[in-house]
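Chemist: Dropping a prediction and its sequence here:
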Amino acid sequence: MLEIFATLTLEVPYDGLSSIAGMGFALEQFSHAQGFYSFGEWAAAQFQKGRSITASVVKSDELDTSSKPDPYRTNSGFGYEVTVWVTEAE
């Protein structure tokens with residue numbers, strides 16, 4: 001069964017990062033929010049449980065910073081949105 005594990009929207013600093021490095025940074029921040037030191041560590045923990053993972057990292061230019069903060073989103077002027085789907089082993 002495929003289910004959305006988590007979605008995180010965050011601001012990534014531009015200080016010399018390529019877009020691929022920015023996406024990697026976003027995945028690392030996602031894993032930190034889950035209590036792990038790296039995305040690789042988080043992924044390995046999922047694989048040990050027999051799960052498959054799929055992730056999407058997209059640029060998120062259209063974040064509205066003037067509205068009240070949504071408790072499930074980090075407001076920023078520009079950033080990346082990380083969505084992770086987890087498939088349980090059958």
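Modeler: Ah, there it is. What you see is a predicted model, and the numbers here were worked out from it, not measured in a lab. Residues are numbered from 1 along each chain as shown.

Chemist: three-state assignment of residue 31?
Modeler: Following DSSP: H, G, I helix; E, B strand; the rest coil, we place residue 31 in the helix state.

Chemist: The helix or strand hosting residue 55 - contacts with which helices or strands?
Modeler: Residue 55 is part of strand 52-60, with elements assigned from DSSP states H and E. Counting by 3 or more C-beta pairs under 8 Å, 6 or more residues apart in numbering; DSSP states H and E, the packing neighbours recorded for strand 52-60 are strand 2-10, helix 19-33, helix 39-48, strand 79-87. Backbone N, C-alpha and C define where each C-beta goes, glycine included.

Chemist: Can you list the low-confidence ranges for the chain?
Modeler: Low-confidence segments of the chain (pLDDT under 70): 1-17, 60-78, 90.

Chemist: 90 - rerun?
Modeler: 1-34, 46, 49-90 (pLDDT under 90).

Chemist: about what we covered before: just name the most buried of the helices and strands packed on strand 52-60.
Modeler: Compared across the helices and strands packed on strand 52-60, strand 79-87 shows the largest average neighbour count, a mean of 19 (mean count of other C-beta atoms under 10 Å).

Chemist: report the angle between the axes of that one and helix 39-48?
Modeler: 20 degrees (axes from the mean of the first three to the mean of the last three C-alpha atoms, to 10 degrees).

Chemist: I'd like the helices and strands packed on strand 52-60 as a markdown table, with distance to residue 54 appended.
Modeler: What follows is the helices and strands packed on strand 52-60, written out as a markdown table (distance: least, C-beta to C-beta, whole Å):
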| stretch | distance to residue 54 |
| --- | --- |
| strand 2-10 | 8 |
| helix 19-33 | 13 |
| helix 39-48 | 11 |
| strand 79-87 | 5 |
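
Chemist: Can you tell me which of these is nearest to residue 55?
Modeler: Comparing the helices and strands packed on strand 52-60 against residue 55 with C-beta to C-beta, the closest turns out to be strand 79-87 (4.8 Å).
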